[in-house]
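Q: I would like to see how this sequence folds:
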Amino acid sequence: MPPPLQQFLSVALPIMVTLVVSIWLASVSQNKRLDDIVRRLERMESKLDLHEERLVRVEERTSPLRR
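A: Modelled structure (predicted):
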């Protein structure tokens with residue numbers, strides 16, 4: 001094996017593999033955090049929808065003009 005290739009395999013390749021794996025793991029954990037945020041926003045949206053329905057019912061009951 002030529003010396004430059006041996007140096008690459010012994011020094012640069014482990015560094016490259018470490019970088020690729022760390023970037024991949026960081027992106028996976030970031031995606032999980034984004035999924036958590038999306039789930040929280042969806043729960044809040046559903047709660048707001050329920051409150052909106054309740055407000056519409058209250059408005060219908062208390063409105064002086066019947067619809």
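
Q: So which residues of this protein form helices?
A: Using DSSP state H, the helices of the chain run over residues 3-7, 13-62.

Q: Go ahead and flag the most central residue of the protein.
A: L34 (1.2 Å; Cα atoms, centre = their mean).

Q: mind checking how far it is from P2?
A: As judged by Cβ to Cβ, to the nearest Å, L34 and P2 stand 45 Å apart. All C-beta spots, glycine's among them, are computed from the backbone N, C-alpha and C.

Q: What is the neighbour count of I37?
A: 10 (other Cβ atoms under 10 Å).

Q: for the chain, which spans come out with low pLDDT?
A: 66-67 (pLDDT under 70).

Q: The same query, at a cut-off of 80, please.
A: 65-67 (pLDDT under 80).

Q: ok so, going back, residues in contact with the residue nearest to the centre of the chain?
A: Applying Cβ atoms under 8 Å, 6 or more residues apart in numbering to L34 gives no contacts.

Q: again with D49
A: Counted by Cβ under 8 Å, 6+ apart, D49 has zero contacts.

Q: State the distance from it to V56.
A: As for D49, its distance to V56 is 11 Å (criterion: Cβ to Cβ).

Q: What separation do you get for A12 and S46?
A: For A12, the distance to S46 equals 51 Å [Cβ to Cβ].

Q: With Q30 instead?
A: Distance from Q30 to S46, counting by Cβ to Cβ: 25 Å.
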